[in-house]
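Q: From the sequence below, what's the structure:
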Amino acid sequence: QVQLVESGGGLVQAGGSLRLSCATSARIFSSYAMAWFRQTPGKEREFVAAIRWSINITDYAGSVKGRFTLSRDNAKNTVYLKMNSLKPEDTAVYYCSAGGVGNIFTPSTYAYWGQGTQVTVSS
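A: Numbering: from 1, shown residues only. Purely as a prediction, here's the structure:
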C-alpha cells in the first residue's frame, strides 16, 4: 500500500519550473521530518530538501538552494517542492519520504516512501 503519493513531474525546458506534490495521511504527515530525494540510474538516492516540523527548519542541498522551495499545506496533509530555474542536471526520479528522528540527509532515516515521479529537464 502506497502511503505517500507524488505528482507533478514531467518534461520541462531548462530555466522552467515545476511543482511536485506529495499527499499522505495525517498520521504520516505528523512524522518528525518529510523530505524529497532524487535518483538517476546507477547512482545513489540524493538528498534534495527536508523539513523538520517540530523546529520548523527546512534544509536544502547546495545544488538546489535558492532555486527549490519546500512548503506544506497542513489542511491537505501535503508537502510541495517548487522547482524554479531548472537545469538538465536536475533530471531524475523524485521521491517523497517521511520519517523519524535521525540524520535527515540520509535515506535510511525515512520509513515511508512514495513511488517517485519523473522530472526531465531538456537543454
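Q: Now do the buried residues in the host helix or strand of residue 70.
A: Using DSSP states H and E, residue 70 falls within strand 68-73. Buried residues in strand 68-73, counted by 16 or more other CB atoms under 10 Å: 68, 69, 70, 72. Placement of C-beta: from N, CA and C, glycine included.
Q: strand partners of it, parallel vs antiparallel please.
A: In the sheet containing strand 68-73, its partner strands are strand 78-83 (antiparallel), by DSSP bridges.
Q: any idea whether the residue most central in space within the chain is helix, strand or coil?
A: With distances taken as CA atoms, centre = their mean, residue 36 lies nearest the centre of the chain, 2.2 Å away. Put simply, residue 36 is strand when judged by DSSP: H, G, I helix; E, B strand; the rest coil.
Q: same check, this time on residue 28
A: Assigned state for residue 28: helix (three-state reduction, three-state DSSP).
Q: Which residues are in contact with it?
A: 3, 4, 77, 98, 112 (CB atoms under 8 Å, 6 or more residues apart in numbering).
Q: And the residues you listed, which of them are buried?
A: Applying 16+ other CB under 10 Å to the contacts of residue 28, the neighbour count classes 4, 77, 98, 112 as buried.
Q: just those residues now: which is nearest residue 10?
A: Nearest to residue 10, judged by CB to CB, of the buried ones among the contacts of residue 28 is residue 4 at 18.6 Å.
Q: can you tell me which residues contact the closest one?
A: Shown in contact with residue 4 (CB under 8 Å, 6+ apart): 22, 23, 24, 28, 96, 97, 98, 112, 113, 114.
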